[in-house]
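> Sequence and predicted structure, then a few things I'm wondering about:
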Amino acid sequence: MPHYIDGTEAKLGDVVRGVSYNTKGKEVVGTIVQITPGSDTCNCIITWIESIGLPTLPDNKTWNEVLYNSGLYNVKTVGYPPNPVSVLTIQQDYGECKAFTLLKREND
């Protein structure tokens, strides 16, 4: 089974911190949702929630229309429309377990 940077065995549901493959060096905090045993690289998938900038709201459009048309299907607005204060989206990426630090385990 793959291990984290400190040698702790990786488990599904662990909350971890590190850099996944496609975040361009940006550190993320998320949950391990898939582990591939027997592989040293590309051996996990991590999911996290990210706050993104608010798109400009065109005239006569609702937030739902703007978000849906921009391809942001799995989003939630924080704050009551028509004036949300933030937009949250679910992100997911492949990673390498040994590039992550365990922050919290479900039963700890």
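That came through, no problem. Bear in mind the structure is a predicted one, so any value in this text is a computation, not a measurement.
> Against residue 19, how distant is residue 106?
Distance, residue 106 to residue 19, by C-beta to C-beta, to the nearest Å: 23 Å. C-beta here means a position set from N, CA and C on the backbone, and glycine is covered the same way.
> More neighbours: these two, which one.
residue 19 (16 against 10; other C-beta atoms under 10 Å).
> Quick one: name whatever helix or strand follows the least confident helix or strand in the chain by mean pLDDT.
Least confident helix or strand of the chain, by mean pLDDT, DSSP states H and E, is strand 75-78 with a mean of 57. Next in sequence after strand 75-78, counting helices and strands by DSSP states H and E, comes strand 86-95.
> what's the average pLDDT for that following strand?
In this model, strand 86-95 has a mean pLDDT of 85.
> can you pull the pLDDT of the nearest residue to residue 15 once chain neighbours are set aside?
Setting aside the residues directly before and after it, residue 15 is nearest to residue 104 in space (C-beta to C-beta, 6 or more residues apart in numbering), at 4.2 Å. We have a pLDDT of 94 for residue 104.
> and residue 104, backbone torsions?
phi -160, psi 140 (degrees, to the nearest 10).
> which residues touch residue 34?
Listed by C-beta atoms under 8 Å, 6 or more residues apart in numbering, the contact partners of residue 34 are 12, 44, 45.
> From those, list the buried ones, please.
44, 45 (16 or more other C-beta atoms under 10 Å).
> of the contacts of residue 34, closest to residue 2?
Using C-beta to C-beta, residue 44 is the member of the contacts of residue 34 that lies nearest residue 2, at 6.6 Å.
> In this structure the closest one contacts residue 31, no?
No. Residue 44 is not in contact with residue 31 according to C-beta atoms under 8 Å; the separation is 10.5 Å.
> and the residue nearest to residue 15, how many residues sit next to it?
Around residue 104 there are 13 residues (other C-beta under 10 Å).
> Can you give me the distance of it to residue 21?
Taken as C-beta to C-beta, the span from residue 104 to residue 21 is 23 Å.
> Alright, that wraps it up for me.
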